[in-house]
Structures are given as C-alpha cells and as structure tokens.
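Visitor: coords below, sequence missing:
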C-alpha cells in the first residue's frame, strides 16, 4: 500500500514538474527571447509608425557603437541638437520595441534643443545579444553610454528617461554610482521586481501548474542560457540606494504593470522624487492621454534640478 502511494505521488510530481517545464519553456520564449513587431503591426499603430519615421528621417541622426562590459556590440541613434548644447537625453525603450519606437520622446527633447541618444537595448534593434536583460546587464550598458557622452563632452548635463522595461533599466541605473553629470531620471511605468511582474503576467494566462514551480524552471533556464538571475532584478532595492532626483510616472488604468508598483517604488526611493499618476492611461499611454501634464511634470523637474 505504501509503495502504491509513493508511486502515485511520484507520478503526480513527475506530471507536475513536466507540466511546469513545458509552461516555463513557453513563458521563457514569450518573455526572454527578443521579439520584433511585424511591419503590419507597426503600420496599424499610427504612433509607432510616426515615431519610427521621425527617427529615420532626422537630418542630424547618426549611428554610434560601443562595446559592453561583456564585449557585445551595442548600437544607438544619436540625434544632435540643431544648436551647440551640453544637454543630453538618454531615452530607453521597452520590450517588443527598439530605439526607433522612442521617436516621439526624442522629437520633443530635440525641439527643446537637447541632444538625444536612443540606445538599442542588448538583443534589440542593431545591438548584439539574444535575450532580454530586464535591467540586469542593461544598467551597465547605460552607464557605458553615459561615460561615452562624458568622454566626448566633459561638461555634459545628462538625464535618463525610460518607459516600461526601459523605466526599470533607468531606475536600476540610478541605483549604481553615477557621475555628477547625471542630473535626473524619468521612469514611466516600471515594475518593482521581475519576480512580481512575471507572477502578474503568468496569472493572466490559463496555467494548471502553479507559478512557483514554473518560475523555478524559468529562473534556471535564464541562469543557464543568459547568465543572470531573474530574482536579482530588484528595482525596489535599486531606488532605495539612488541619489538621482527621479520622476515616477504611471497610468492608473495600466493592465500590463500594476500602477501600485509605481507607488511602492516612489515610497522606497531615497532620492528627491516626484510622483505623477495619469488618469485614464493604459500602459505607457500617459504621454498621449495627457501630454500637457506629462511634459509639464518633466519640465518642472528640469527647472528644479537646474538642468
């Protein structure tokens, strides 16, 4: 009887683990392998199409490249201000996009007389890499871009503006020791930790296997294939060490990243900070739903930090 019971338990465990492995593999492909939007998806989204077109047609645009600390070739679009300026915006994209999708933000800053750097995160656009980093290595890539700017212009005044995953990368970068040239940061719709965000996304699907089992396998897969531990992508911890004045932005109707995450990040942040909730805005839609509030908040921070 005991042997039979053990056999049944073993069978249940094997089935559960096997199901977890299958679910984790699917989730890994969905969440970690970089994806590109089809041309039809781009054409169907007027804002994406407009942003990409502006970047590609910007008269002063040039391609620049640097090497990451692990020897990946990283690419960015650099759009020089029309008049000589020591002001720089580093604008960071999210998942399922690349630097060109940030053209709306780049155009706004360029019109303000600011030099704009649009990095392709590793694995996206023209940057090397075959996985999504979610900020783990990416924060060091942004640091490399910061020092690239300073090497060219020792009087540079720099700020970082990221959306979605780009916001998490922005905040994780501020958790590092930054040069005084970095004046402030804007984080639009960041997650708190990757574990919590994966959990929320996982619950949106219909999965028989409990998340902790699938996450254990995902964590192992990412560690083996990508070389980083997803449990260490902790944006809350990063902002608790930040000294960079930061504006936190989120839409109250965000269905991708819980707006409460923004409130928790704001509370945890140890640096001078501001909070902006855009009413009626879904994920990273605040800039379109209420552009006046969005840009006024950023310009207010520029004034307060002497940018």
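Guide: Sure, I can see it. This is a predicted model, so every value here is computed, not measured.
Visitor: got the residue ranges for the helices in the chain?
Guide: Secondary structure of the chain (DSSP state H): helices at 2-31, 39-44, 46-57, 103-111, 138-152, 165-174, 194-204, 211-226, 235-240, 259-268, 286-289, 291-305.
Visitor: now for the ones you listed, which one comes closest to residue 90?
Guide: Residue 90 lies closest, by Cβ to Cβ, to one member of the helices of the chain: helix 138-152, at 6.1 Å. Every residue, glycine included, has its C-beta placed from N, CA and C.
Visitor: and the closest one, what other elements does it pack with?
Guide: Under the contact criterion of 3 or more Cβ pairs under 8 Å, 6 or more residues apart in numbering; DSSP states H and E, the helices and strands touching helix 138-152 comprise strand 61-67, strand 73-79, strand 87-92, strand 115-119, strand 157-163, helix 165-174.
Visitor: Tell me which residues touch the residue nearest to residue 122 when sequence neighbours are not counted, please.
Guide: Sequence neighbours aside, residue 129 is the residue nearest to residue 122 in space, at 3.5 Å (criterion: Cβ to Cβ, 6 or more residues apart in numbering). Contacts of residue 129 were listed using Cβ atoms under 8 Å, 6 or more residues apart in numbering, and they are 34, 72, 122-123.
Visitor: Look at the spatially closest residue to residue 283 that is not a sequence neighbour and say how many residues are nearby.
Guide: Leaving out its chain neighbours, the residue that sits closest to residue 283 by Cβ to Cβ, 6+ apart is residue 256, at 4.0 Å. The tally of other residues near residue 256 (other Cβ atoms under 10 Å) stands at 17.
Visitor: among the contacts of residue 129, who's most crowded?
Guide: Among the contacts of residue 129, where neighbours are counted by other Cβ under 10 Å, the top count belongs to residue 122, at 23 neighbours.
Visitor: Tell me how far the residue nearest to residue 122 lies from residue 256.
Guide: In this structure, residue 129 lies at 23 Å from residue 256, with Cβ to Cβ, to the nearest Å as the measure.
Visitor: Output the helices of the chain in a markdown table; the columns should cover mean pLDDT.
Guide: Putting the helices of the chain into a markdown table (pLDDT from 0 to 100) gives the following:
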| stretch | mean pLDDT |
| --- | --- |
| helix 2-31 | 50 |
| helix 39-44 | 86 |
| helix 46-57 | 94 |
| helix 103-111 | 97 |
| helix 138-152 | 98 |
| helix 165-174 | 98 |
| helix 194-204 | 88 |
| helix 211-226 | 88 |
| helix 235-240 | 98 |
| helix 259-268 | 98 |
| helix 286-289 | 97 |
| helix 291-305 | 97 |
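Visitor: out of these, which comes closest to residue 76?
Guide: Relative to residue 76, the nearest member of the helices of the chain by Cβ to Cβ is helix 138-152, separated by 6.5 Å.
Visitor: which residues are contacting the closest one?
Guide: Residues outside helix 138-152 that contact it (Cβ under 8 Å, 6+ apart) are 64, 66-69, 74, 76, 88, 90, 92, 117, 119, 121-122, 156, 158, 160, 169-170, 172-173, 175-176, 178-179, 181-182, 238.
Visitor: rerun that using 7 Å as the cut-off
Guide: Helix 138-152 is contacted by residues 66, 68-69, 74, 76, 88, 90, 92, 117, 119, 121-122, 156, 158, 160, 169, 172-173, 176, 179, 181-182 when judged by Cβ atoms under 7 Å, 6 or more residues apart in numbering.
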